[in-house]
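S.K.: Model the structure of this input:
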Amino acid sequence: MLTREMVLTADDLVKELVKVPEWGGELYISTLTAADRDSYEASIIESDGSGSFRQNFKNMRAKLVARTAVDEKGKRIFEDKDIVPLGLKSAAALDRCFAVASRLNAVTDDDLEELAKNS
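M.R.: Presented below is the predicted three-dimensional model:
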C-alpha cells in the first residue's frame, strides 16, 4: 500500500527528447503536473459572457508546449508570457513538440470536446 510519503516523493514526471531542427537542436517535452494540466484545460475554455462556454483554440499548441517543454532537471523553460511568441514559431516545429506533449499527457480531441461540454 502506498504511503503519503511515497506518493509525494515519487518521481512520476516522464520526459522525452524531441529533435527540433528548425530551432537548431533538441528539446525535452514532459508530462504535465496536475496543476499545469488544470491550467492548460482552463486556458482553452472561455465564457461567452452569458453563462455558456466554448473552446478557445487560440495558441492551443503553444499553450501545451509552453507547459511541457523542460530542461534536463524537469524545470519548465517557458513561462506563460512566452505563449504568444512561441505561437509565432514554425508550425512544423511546434506541431512536432505538440504531438509528443499530447501523447505523453493523453490530451486528445475527445478530451477537449468533453471539457467544452462539461463547462
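S.K.: Which of the helices and strands in this protein ranks last by mean pLDDT?
M.R.: Of all helical and strand segments in the chain, the minimum by mean pLDDT, DSSP states H and E falls on helix 109-118, at a mean of 57.
S.K.: all strands in the chain, in order from the N-terminus.
M.R.: For the chain, applying DSSP state E gives strands covering 15-20, 25-30, 45-47, 53-55, 69-70.
S.K.: Return the most buried member of these.
M.R.: strand 69-70 (a mean of 20; mean count of other CB atoms under 10 Å). (Each C-beta comes from the backbone N, C-alpha and C, glycine too.)
S.K.: Please enumerate residues in contact with that one?
M.R.: Here strand 69-70 makes contact (CB atoms under 8 Å, 6 or more residues apart in numbering) with 15, 27-30, 76-78, 97.
S.K.: and that strand, how far from the chain's centre?
M.R.: Strand 69-70 has its C-alpha centroid displaced from the chain centroid by 10 Å (CA atoms, centre = their mean, to the nearest Å).
S.K.: can you offset everything so residue one is 37?
M.R.: Noted, 37 is the first residue going forward, which turns the last one into strand 105-106.
S.K.: that older thread, could you dump the strands of the chain into JSON lines and include distance to Leu140 and mean pLDDT?
M.R.: Shown next, in JSON lines, are the strands of the chain (distance: least, CB to CB, whole Å; pLDDT from 0 to 100):
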{"stretch": "strand 51-56", "distance to Leu140": "6", "mean pLDDT": "98"}
{"stretch": "strand 61-66", "distance to Leu140": "6", "mean pLDDT": "97"}
{"stretch": "strand 81-83", "distance to Leu140": "21", "mean pLDDT": "79"}
{"stretch": "strand 89-91", "distance to Leu140": "22", "mean pLDDT": "79"}
{"stretch": "strand 105-106", "distance to Leu140": "11", "mean pLDDT": "98"}
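S.K.: closest to Gly123 out of these?
M.R.: Set against Gly123 and scored by CB to CB, the strands of the chain come closest in strand 105-106, at 13.2 Å.
S.K.: from the contacts of strand 105-106, which single one is nearest Ser88?
M.R.: Nearest member of these to Ser88, counting by CB to CB, is Phe114, at 31.0 Å.
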